[in-house]
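**Q** What shape does this take:
(one chain, ligands or ions: 1)
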Amino acid sequence: SAGRVVIVGGGFGGATAARYLKRRNPAIDVTLVEPVDRFYTCPFSNLYLGGLREFESIGHGYDDLTGSLGVTHVRARAQDVDGVAHTVTLESGDVLSYDKLVLAPGVDVNFGALEGYDEAAAELAPHAWKAGPQTRLLKAQLEALEDGGVFVLSAPADPFRCPPGPYERVSMIAHYLKTHKPRSKILVLDAKDAFSKQGLFQAGWTALYGDLIEWVGLSGGGRVVRVDPRTLEVETEFGDVHKAGVLNVVPPQRAGVIAERARVTNEAGWVPVKPRTFESRTVADIHVVGDATIAAPMPKSGFCANAQGKVVAAAIAAELAGESAPNPSWANTCYSLIGPDYGISVAGVYAVANDEIVAIEGSGGVSPAEASPDFRRREAQFGAAWYAAIAEDIWG
Ligand code: FAD
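**A** Okay, the predicted model is just below:
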């Protein structure tokens, strides 16, 4: 074969890398290690919570990748990586060897970083920051919430998966409450003073939901320091205690644990990479893509994970052929939905300069503060079109 590549994780970054490696050179042996048969995306999971989408519409399988493209899907969790021996050990004990390894495990919750929030707590106060059973649990809790109940969301400090995600989530839940439980309220307790597209979100909240959503930032005492999952109470840094009807904790995060097993993480739990190839800065022949990496100013988005997956595929295909990796640039657009016909976006374009990732000056930006209802409606439509297009680009 033209080389053996093992990819751990079949989400936005990993499944993209698998597809684009095979497209560049079908003779490369590509094995995708991913325990699930059907991947549910975090993008648009907020629309499911808001009642605008069916759960199955955010699920995607691997048949297209394993069919004509010839990717091998191993349904297993990777347990360990030996970067010297170039092997991946699976939970079953089976060992896969590689010439190049791509790690795309996304994030894991940093259980223990927030007092009271462990795996058992997540069954009572879901994070729903990985789509699947957690998302369905949160939805069921919302449906059981009494009219007049309070939905509390605790938002983490940077960096975390999907900077606009918590704010799109409360927008969609506001839509659900306004239409089903109009006496209910939303309280956002935030560990930071500023968030992505803040001005646009807050203007949209006022326009669509009046005073339904209250947001409290860090300096207002918004940082949650303790969670009691049994009483659904949270305590803030300033000592205030809030009781929720439904409590959604978006907890502190780090790279998926397999990255730590592969010894590619830093003290903060994220993976430093060489910008040109997304190869680990510490272990040769291990490339890392997506949320697990330190790629700022690129955000931890599915859009970026997809773009990074393509760059890694190009770099690996070139290196396996004895050529040097091309010089990349990346783009990102994060669409957020505030109401069914009210979309906003933030975009950026990035390149490599002096071994760092930089935002290209004058590129990107956010939606205009003043815009017609028609403009907001079109951005909502662009968001839906983006989702359909990227899902097809990744899973087929
Ligand atoms: P993932 O897509 O999470 O994939 C990781 C995969 O690795 C998983 O399938 C997991 O099963 C697998 N895995 C982990 N460990 C192992 C192991 N040891 N062995 C085998 N497999 C393993 N981004 C956008 O661009 N647009 C949006 O609108 C958007 N909305 C979002 C809304 C919410 C509520 C959230 C939470 C996120 C949103 N995102 C959005 C962000 C997006 O979900 C992530 O940035 C994206 O999923 C990152 O891709 P990834 O490949 O790094 O990780």
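
**Q** Get me the contact residues on the stretch 1-150 of the chain for the ligand.
**A** Selection of the stretch 1-150 of the chain residues close to the ligand by CB under 6 Å from any ligand atom yields 8-14, 33-36, 39, 42-43, 45-46, 77-78, 104-106, 129. Where C-beta positions appear, they are placed from N, C-alpha and C, glycine not excepted.

**Q** Same check on the stretch 151-300 of the chain?
**A** Proximity of the stretch 151-300 of the chain to the ligand (CB under 6 Å from any ligand atom) is limited to residues 161-162, 165, 169, 256, 258, 290-292, 300.

**Q** hmm, 5 Å instead?
**A** Within the stretch 151-300 of the chain, the positions adjacent to the ligand are 162, 165, 256, 258, 290-291, 300 by CB under 5 Å from any ligand atom.

**Q** Just put these in JSON lines and tack on distance to Glu319.
**A** JSON lines is the format used below for these (distance: CB to CB, whole Å):
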{"residue": "Cys162", "distance to Glu319": "31"}
{"residue": "Gly165", "distance to Glu319": "34"}
{"residue": "Gly256", "distance to Glu319": "24"}
{"residue": "Ile258", "distance to Glu319": "22"}
{"residue": "Gly290", "distance to Glu319": "20"}
{"residue": "Asp291", "distance to Glu319": "24"}
{"residue": "Lys300", "distance to Glu319": "26"}
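
**Q** In helices, which of the residues of the stretch 1-150 of the chain next to the ligand fall?
**A** The helices, defined by DSSP state H, take in 12-14, 45-46 from those.

**Q** residues near Ile368, how many?
**A** In this structure residue 368 is Pro, not Ile. Pro368: 11 surrounding residues under other CB atoms under 10 Å.

**Q** Need the residue closest to the centroid of this protein.
**A** Arg161 (4.4 Å; CA atoms, centre = their mean).

**Q** Quick check: pLDDT value at that residue.
**A** On pLDDT, Arg161 comes in at 98.

**Q** and it, which of the three is it?
**A** When classified by DSSP: H, G, I helix; E, B strand; the rest coil, Arg161 comes out as coil.

**Q** can you check Pro126 too?
**A** Reduced to three states by three-state DSSP, Pro126 is coil.

**Q** can you offset everything so residue one is 864?
**A** Happy to do that; since the first residue is 864 now, the last one works out to Pro989.

**Q** pLDDT score for it?
**A** At Pro989, pLDDT is 98.

**Q** Tell me the backbone dihedrals of Thr879, please.
**A** Backbone geometry at Thr879, expressed as degrees, to the nearest 10, gives phi -60, psi -50.

**Q** mind listing what's buried in stretch 1069-1085?
**A** Neighbour-count burial for stretch 1069-1085 flags 1071-1072, 1075-1076, 1078-1081, 1085 (criterion: 16 or more other CB atoms under 10 Å).

**Q** which ones among those residues are found in strands?
**A** Those of these mapping onto strands are 1076, 1078-1079, per DSSP state E.

**Q** Out of these, which comes closest to Gly1227?
**A** Trp1078 (24.6 Å; CB to CB).
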